[in-house]
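> what's the 3D shape of this:
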Amino acid sequence: MKQVALSKVKDNLSEYLHSAEKKEIIITRHGKPAGVLIGFHSEEDWFDYRLENDPRFLQRIESARGSIRKGKGVKIEDLAE
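Okay, here's the model as predicted:
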């Protein structure tokens, strides 16, 4: 990750947004981390990010994992072809 001062990001936002497509950029304020600039190379990357950070989706995943731990669920081997 790259760290950049907020003042530099404000002056060159387009450049840093382009760079953020390759790696996240930590934005600092007075030398301390204040935010993260994340760029998306494609709409699919944007969709993946939204899904991975959606609390409703994450809760459903945790619920499904809990069911599996309790023995509720179907093994993939048991599914009919």
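> I'd like to know how far the spatially most central residue of the chain sits from residue 26.
Geometric centre of the chain, nearest residue: residue 49, 4.2 Å, by Cα atoms, centre = their mean. Residue 49 is 17 Å from residue 26, where distance means Cβ to Cβ, to the nearest Å. To be clear about C-beta, it is placed using only N, CA and C from the backbone, and glycine gets the same treatment.
> related to what we said a few turns ago, would you mind confirming that the residue nearest to the centre of the chain makes contact with residue 41?
No - Residue 49 is beyond contact range of residue 41, at 11.0 Å (criterion: Cβ atoms under 8 Å).
> got the contact list for the residue nearest to the centre of the chain?
Shown in contact with residue 49 (Cβ atoms under 8 Å, 6 or more residues apart in numbering): 38, 40.
> Domain boundaries for the protein, per the record?
The chain resolves into domains spanning 2-37, 43-71 when parsed by automatic domain parsing.
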